[in-house]
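K.L.:
Need coordinates for the following:
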Amino acid sequence: MSSPSFDSLILLRNARVFAPEPLGVCQLLIGAGRVLEIREPGAEAPHGVALESVDLQGLRVVPGFIDGHVHVTGGGGEGGFATRIAPLPLHRYTHNGVTSVVGLLGTDDCARSVRELLATLLGLREQGLGAWGYCGGYHVPPATLTGSVRGDIAFIDPIIGVGELALSDHRSSQPTLDELLRVASEAHVGGLMSNKAGIVHLHLGDGVRGLELVRHALEQSELPARVFNPTHVNRRRALFEEAIELARRGCHVDITAFPVEEDEDAWSAADALQRYFENGAPAERISVSSDAGGCLPCFDAQGRMSHMDVGNPGALLATIGELLGRGLSLQQILPAFTRNVAQLLRLPRKGVLAAGADADLLVLDDQARISDVMLGGRWQVRNGQARQCGPFDPIPPPFNPGNGSN
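P.N.:
Numbering: from 1, shown residues only. Modelled structure (predicted):
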């Protein structure tokens, strides 16, 4: 893939900007992979430089989505080695509006490794995607590259925390409180040393213990609540109520956009986010991720996998579309997919549209479908047509600008 060219500017005119807060109709001046300036709609275009001027005719421009829970190496394997899922190609992220990912290992932190995860993250970065990750996986002691969680976070650039450490799940290593606190302290100190997030991203299963260990950790240690970041909290309705209370105590909680049947004891991502807002919980401490590339299994009474689905990055856009259809406002919804994630992960140039921010943005049409995708100042999708693809996809695939394409 060719390197980006930074010798010309792009001026987006008549853009209705959500940064994610609404800024009204503006001009965005893009150059060197960044947003250089957000200008008044009537501002004169720069002179004497190469300039691509694009009239967006009042379409909405929003920050690119940050998917905080992605199996970039592929997940699965819980029904035998033949059920291991292949990594998703670049276009599966970008064409669904995902411009940054956080990669992790899950149940399989044995055949899959932190070394493989790191190589995959670096490969995605070479293609322009924002890519970070977690050392570890479901189990303790966590899988690492340097020999410690603290060392991985401190010395390996893309590694910003540890996870997804499993709690209340039959696939976990059944960690004790002392083990959870030891891992969390390693993550916290590693983050302090390197000015990174230093969080423990916690997979929550459907066990009855729920978030009990996290509550004990908050009560019996000096660690900041933000260190503990539980995900899949909408998989049981009672678990979601626990998560709301933890958010009030300072934890950042994460909803998963997985499919939910009508008779399930779970909330869909749209239901969960709406209920979170209705409960008056802290709006800055909630996010939505897709579990893209991960196995979404169902197990029988003997613990054997009966069937599985695969997480889809398009679930983020689909969730936004569903919530807009219910009458929620875009400015209320967007932070859970953009700024909230960036603030938790300490990625100051991501998740916002502002001078100096990375030029990762989406253009949405009147039906909240993706019309255009810009990644690091380069068009990935333009007028619904794919512009970029990964090295093993020489012909850009057909693009479906719907509410969450496959």
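
K.L.:
In this protein, what helix or strand scores lowest on average pLDDT?
P.N.:
The helix or strand of the chain with the lowest confidence, counting by mean pLDDT, DSSP states H and E, is strand 305-310 at a mean of 64.

K.L.:
okay, now the residue nearest to Leu9 when sequence neighbours are not counted: neighbour count?
P.N.:
Computed as CB to CB, 6 or more residues apart in numbering, the closest residue to Leu9 that is not its neighbour in sequence is Gly31, at 4.5 Å. Heads up, the C-betas are built off the backbone N, CA and C, glycines and all. When neighbours are defined as other CB atoms under 10 Å, Gly31 has 19 of them.

K.L.:
Verify the stated contact: Gly31 with Glu37.
P.N.:
No: contact criterion CB atoms under 8 Å: Gly31 and Glu37 do not qualify, at 9.1 Å.

K.L.:
Now the helix or strand that contains Ile153: average pLDDT?
P.N.:
Under the criterion of DSSP states H and E, Ile153 resides in helix 149-155. The pLDDT scores in helix 149-155 average 98.

K.L.:
what packs against whichever helix or strand comes after that helix?
P.N.:
Next in sequence after helix 149-155, counting helices and strands by DSSP H and E, comes strand 159-167. Packing partners of strand 159-167 (3 or more CB pairs under 8 Å, 6 or more residues apart in numbering; DSSP states H and E): strand 130-135, helix 149-155, helix 177-194, strand 199-204, strand 228-231.

K.L.:
and strand 159-167, which strands flank it?
P.N.:
Strand pairing for strand 159-167, using DSSP bridges, gives strand 130-135 (parallel), strand 199-204 (parallel).

K.L.:
Helices of the protein, start to end?
P.N.:
For the chain, applying DSSP state H gives helices covering 90-94, 114-126, 149-155, 177-194, 212-220, 237-248, 269-278, 315-325, 330-333, 339-345.

K.L.:
out of those helices, nearest to Arg16?
P.N.:
Of all the helices of the chain, it is helix 330-333 that lies closest to Arg16, at 9.8 Å by CB to CB.

K.L.:
Just the residues contacting that closest one, thanks.
P.N.:
Applying CB atoms under 8 Å, 6 or more residues apart in numbering, the contact partners of helix 330-333 are 18, 20-22, 60, 62, 273, 277, 283, 320, 323-324, 368.

K.L.:
Over to stretch 134-148?
P.N.:
102-110, 112-115, 118, 149, 151-153, 155-156, 159-166, 169, 171-173, 175, 179, 183, 186, 201, 203.

K.L.:
Centre-most residue in the chain?
P.N.:
In the chain, the residue lying closest to the centroid (CA atoms, centre = their mean) is Asp67, at 1.4 Å.

K.L.:
Am I right that it is in contact with Gly294?
P.N.:
No: using CB under 8 Å, Asp67 is not in contact with Gly294, being 11.1 Å away.

K.L.:
mind giving me TSV with the helices and strands packed on strand 159-167 and columns for mean neighbour count?
P.N.:
Compiled in TSV, the helices and strands packed on strand 159-167 are given as follows (neighbours: other CB atoms under 10 Å):
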stretch	mean neighbour count
strand 130-135	27
helix 149-155	23
helix 177-194	20
strand 199-204	27
strand 228-231	27
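
K.L.:
In TSV, list those along with distance to Asn96.
P.N.:
Formatted as TSV, the helices and strands packed on strand 159-167 follow (distance: least, CB to CB, whole Å):
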stretch	distance to Asn96
strand 130-135	15
helix 149-155	29
helix 177-194	29
strand 199-204	21
strand 228-231	19
